[in-house]
Every structure is written in structure tokens, then in C-alpha cells.
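> Structure of the sequence below:
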Amino acid sequence: MTTLPLDGDATSHAAFSISRHIPADATASVRSVGDRPVVWVEFADDADIVRLTSGTSSVIEVAAEAALDQRMPLVITISTAGTDIVEGMAALHSWGLVAATLTKCSGIVPTVIIVDGPAVSGPALLLGLADFTLMTSASYAFVNGPVMVEQFTGVGIDVEELGGATNHARYTGVPTAVVVDRAAAVEAVEILLSYLPSHVDEEPPRWPNDDPPDRPCPEAGDQIPASSTGSYDVRNVASAIVDEDSLHELRDRWATNVVTAFATIDGRPVGLVANQPIALAGTLDIPASQKAARFVALCDAFNLPIITLVDTPGFYPGKDLEWRGMIRHGAQLVFAYGDASVPRICVILRKSYGGAYIVMDSKTMGNDLCLAWPWAEIAVMGAGQAAAILARRSTPEERAEFERDYAERLLNPYVAAERGVIDAVIDPAETRTEIATALALLEDKREVLVERKHGNSPL
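Okay, the predicted model is just below:
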């Protein structure tokens, strides 16, 4: 029998055990991570790289069930060369049960997977089920290994190029972060969980805070260039608005044209989504839509208010993107925002054009508060794009005059404010105060959920 010993006073944690009379290369226990109990699954020190058997998977399965039952976050370490070939069907069946149980945990308790070595074949798919995946710099993950790839394609490739942590961080978005080693991964788990409740029925923990909620933040507006086409790092804007040193970015190497991060405002944890003008001019493409949509769904699942900072000229144009399904993947972000019931605040920093205006949590999508800075441009498209369509047969002089008139009449937030799709046009220095005040007012927000099994998300 493998038991789950408890750290600290047994009266503070419900006791439970794993009853599986089978050998396993993994152990499960309740640990204190930061100031909260966490169900932790870890491979034995002498079995860092193993073929996963039904015994190993049973430990993980029952630990996940215990985390679900006791409403504790679940952390699983993985270092495996794949399912045990010799054990055959029994191992496959057991790993299917692990996947099913991990799916049941989704949206109820936070789940984290640490990859410290290989994660190969079927077990690699578990990485996509977890809320957070942390990969050490020496780890790698793939469904089909180099041998299989070469057999099918005739192209030789090594494990690092195929599934190394650095490549995953840049190209696939599988890891939430890449860390140096397992010790750094444990620290990263503590940081991530500090923004989240232990389970869905709790509010996120309030942070101690000495940064006044009404602190002016003029430096946020100072980041915006004088030219409407100038670039800047939106993380500097976000850092000026949120509590000092509270911004923690997720998936910072993947889909860099959108920023997703945890932060606190007046000690309240929030999720932050922002267009990033220094990457692809802040346009939305498929990876950015997927990254933002998954993050919005995560925040909604665990009761984190969502702050959206908007500065985007629209969707990235191109045949390749359209053929790869920009419509479907863009709809993922629309669905995530439309489905979210947590407090949602949108701030339009500069550009908000066309379909991207709708997607980035517009008033139409049901946000609770929509603010704009005085120079915000809210329109179907920019002046140059409009002239290219509506004044395409005009002389250069007439076209220039059209652009000036279009910009003066339409590229401002006041037209939108008159129609009620912007709640207020504010001084950038007041942004932190307005958001903090709104979060306090929305603290008790509750929505009556539609009676349905679930929506049909455009996965």
C-alpha cells in the first residue's frame, strides 16, 4: 500500500491513502507549497527515467482523484521514456484512466505538470491537459520520437530539435515556462499557485499590499509613442498599472504578439491579456488567439478577474493564415471571452480596429467596464486602409484629404462613447485607480449560468 503522508498537523488536512497493492516507480504525498497543501506526485530518486507501468499510472490516477476529492491543487512530475511496451494493453489502459481523471480535475483544482527529463508517446499528451506545464531546460517531449519520424519522413532529427524545451517554448506553447532544474520548477509552482485559489469554490487569495490603489500612473501613458505606428513594450504599461513587482508573465516566448500574465491590483490577483505592439505590430494570428483564449478560460475557471489592454490594428493578413483556419482559431478567443463570467475590464490604449475590436473583450462581448485613453482609435479600420477602399480612384491629394477627414471624424474614442460602447474616456494616469475601484465594486459579481451541459467550443 502506498500512503500519502501529511505534512504538518493532521487536523488541518483531510487524511487519505492510495490503496493499490502493486509496485510503482512513483510516490504521492501531501506537501506544503507556500502556505497551502498540494497533492504532489514524484518519481523515485533511482527511477528518474522509467517506462511507465500500470503501477506508476495508478499512483498518479488515485492521487488525482484524491486532489479532486480533497479540493487541493495537483502537481505531477514526469520523466518517462513512454509506456511500458512489455506490459502492453494494461499500461495503455492505465494511462487512459490517468488522462480521464486529469480531465475531471480541469476547472476544479489547479493542475501542474513538471517535465524533468523525457515525456514521450501517450504520456506526453498529458502536458496539454494540465493548467500549467513546467519544463526543465534539459527536458524534451514528443508524441512520435526521432526513429518514428525518420521511418515515416526519411528525415533524421535529434530529440532536442524535435521536442526540446526551448523549441516547445518558442514554437508550440506547451510549456508555461522553461526553468533551469527541478528546484527552480518547485519555486515556479509556488509562484503560480500564489495567484490562484486551491479550488473553484474559493476566491483567489488576497495579497498583502502597500501600493496605494489610487496611485497615479502617468508613466503608463508616457509609454505610447507620438506616432500611431510607433512601437512600445506593453509590459511596461502593465507594470505601471498593477501592483509593484506583481506582474508574472506566462508563455513569454510563444505568440509574443500577445502578453498573458498574472498580476495583482490592490492585492487582488487578476489575469492580464494585452496586445504587444513590438511583435507583429500587435496583430492577432492563430497562436496569439489560442494563447489568449486558453488563458482567459483559465482565469474564468479559477475566479480571476480579467484585465484586457487593447492596442491592435486587427488580424494578421495572409493566405497561409486563412488556410490554416484563422476563422476557427480566432473564434476560440471570442468564445472564451463570451463564456467568461468573472469581472472583466477592458482598457483601449491606442488602436482597436475591426474584428479585433470585437475579439479583445469589447463591450459587445459583455465586459463590465470599457475604458479608453483620449487618443484611442476605435473604428472598422485605419484611415489608410479606408482610403485604399473608399478613395481608390481619387487623386493623391483627394486621398490625403479623405484620410485627414476620416481620422478627425472617426478615429477617436468619443464616437464610441456617445454610442455607449465605451464607458469612459480617462486620463492614462487614472487607469490604476479606475481599475482598482471597479474591481472593488465587482467583488461580489455573480452571474446566473445557462442550464446546459457545456458550450461547443471552437477548439
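> Tell me, please, the helix or strand in the chain that averages the lowest pLDDT.
Lowest mean confidence among the helices and strands of the chain (mean pLDDT, DSSP states H and E): strand 2-3, at a mean of 40.
> which residues does Val347 bridge with?
Val347 forms beta bridges with Leu309, Leu371, as assigned by DSSP bridges.
> list the contacts for it?
Ile307, Thr308, Leu309, Val310, Leu371, Ala372, Trp373, Thr431, Ile435 (CB atoms under 8 Å, 6 or more residues apart in numbering). C-beta coordinates here come from the backbone N, C-alpha and C atoms, glycine included.
> Need the phi and psi values for Ala184.
Per-residue torsions, Ala184: phi -70, psi -30 (degrees, to the nearest 10).
> and it, how far is that from Ala407?
49 Å (CB to CB, to the nearest Å).
> again with Asp300
36 Å.
> Neighbour count: these two, which is higher?
Shown here are Asp300 and Ala407; by other CB atoms under 10 Å, Asp300 has more neighbours (20 against 17).
> surely that one meets Ser341?
Yes - if you go by CB atoms under 8 Å, Asp300 and Ser341 touch, sitting 6.5 Å apart.
> tally of neighbours for Gln70?
Look at Gln70: counted by other CB under 10 Å, it has 18 neighbours.
> low-scoring pLDDT stretches of the protein, where are they?
When residues are selected by pLDDT under 70, those of the chain lie in 1-25, 44-55, 82-88, 90-91.
> all strands of the stretch 351-459 of the chain, in order?
With strands called from DSSP state E, counting those that start in this stretch, the stretch 351-459 of the chain shows them at 369-372, 377-379, 424-425.
> Just name the most buried of those strands.
Most buried of the strands of the stretch 351-459 of the chain by mean neighbour count (mean count of other CB atoms under 10 Å) is strand 369-372; its value is a mean of 24.
> Show me what it is packed up against.
Applying 3 or more CB pairs under 8 Å, 6 or more residues apart in numbering; DSSP states H and E, one finds that strand 369-372 contacts strand 344-353, helix 413-418, strand 424-425, helix 431-441.
> switch the cut-off to 6 Å
strand 344-353 (3 or more CB pairs under 6 Å, 6 or more residues apart in numbering; DSSP states H and E).
> Which parts of the stretch 51-200 of the chain are strands?
Ranges of strands in the stretch 51-200 of the chain, per DSSP E, counting those that start in this stretch, are 74-83, 111-120, 132-136, 140-142, 177-179.
> For the last one, which strands pair with it and how are they oriented?
Which is strand 177-179. According to DSSP bridges, strand 177-179 has these partners: strand 132-136 (parallel).
> Surely Ser352 and Leu309 touch.
No - applying CB atoms under 6 Å as the test, Ser352 and Leu309 come out as separate, 10.7 Å apart.
> Look at these two and report which has more neighbours.
Regarding Ser352 and Leu309, a neighbour count based on other CB under 10 Å identifies Ser352 as having more, with 28 against 24.
> who does that one bridge with?
With DSSP bridges as the rule, Ser352 is bridged to Thr312, Ile378.
> Against Pro458, how distant is it?
Distance, Ser352 to Pro458, using CB to CB: 22 Å.
> How about Ala141?
26 Å.
> for the residue nearest the centre of the chain, what are its contacts?
The centroid of the chain falls nearest to Phe295 when counting by CA atoms, centre = their mean (2.7 Å). Residues counted as contacts of Phe295 (CB atoms under 6 Å, 6 or more residues apart in numbering) are Thr260.
> State the distance from it to Ile306.
For Phe295 relative to Ile306 (CB to CB), the value is 9 Å.
> Ok, Thr56 next?
According to CB to CB, Thr56 and Ile306 sit 38 Å apart.
> Same drill for those two, tell me which one is more crowded.
Thr56 (28 against 24).
> was I right about the more buried one contacting Ala28?
No - Thr56 lies out of contact with Ala28 (CB under 6 Å); the separation is 10.7 Å.
> which residues are in contact with stretch 181-200?
33-34, 36, 71-73, 75, 108-110, 112, 114, 116, 132, 134, 136, 177, 179, 204, 262, 269, 302.
> between Ala141 and Pro458, which one's more packed in?
Ala141 (30 against 16).
> about what we covered before: buried ones among the contacts of stretch 181-200?
33, 36, 71-73, 75, 108-110, 112, 114, 116, 132, 134, 136, 177, 179, 204, 262, 269, 302 (16 or more other CB atoms under 10 Å).
> rewinding a little: now the residue nearest to the centre of the chain, what's its secondary structure?
Secondary structure, DSSP: H, G, I helix; E, B strand; the rest coil: Phe295 is helix.
> measure it to Ile307 for me?
Taking CB to CB, one finds Phe295 at 12 Å from Ile307.
> can you check Asp243 too?
12 Å.
> between the two, which one's more packed in?
Per other CB under 10 Å, whichever of Asp243 and Ile307 has more neighbours is Ile307, with 28 against 24.
> tell me what the host helix or strand of that one is packed against?
Using DSSP states H and E, Ile307 maps to strand 306-312. On a contact count with 3+ CB pairs under 6 Å, 6+ apart, strand 306-312 meets strand 268-275, strand 344-353.
> Residues touching whichever helix or strand comes after that strand, excluding its own?
Counting by DSSP H and E, the next helix or strand C-terminal to strand 306-312 is helix 319-323. Taking contacts as CB under 6 Å, 6+ apart, the residues outside helix 319-323 that touch it are Asp285.
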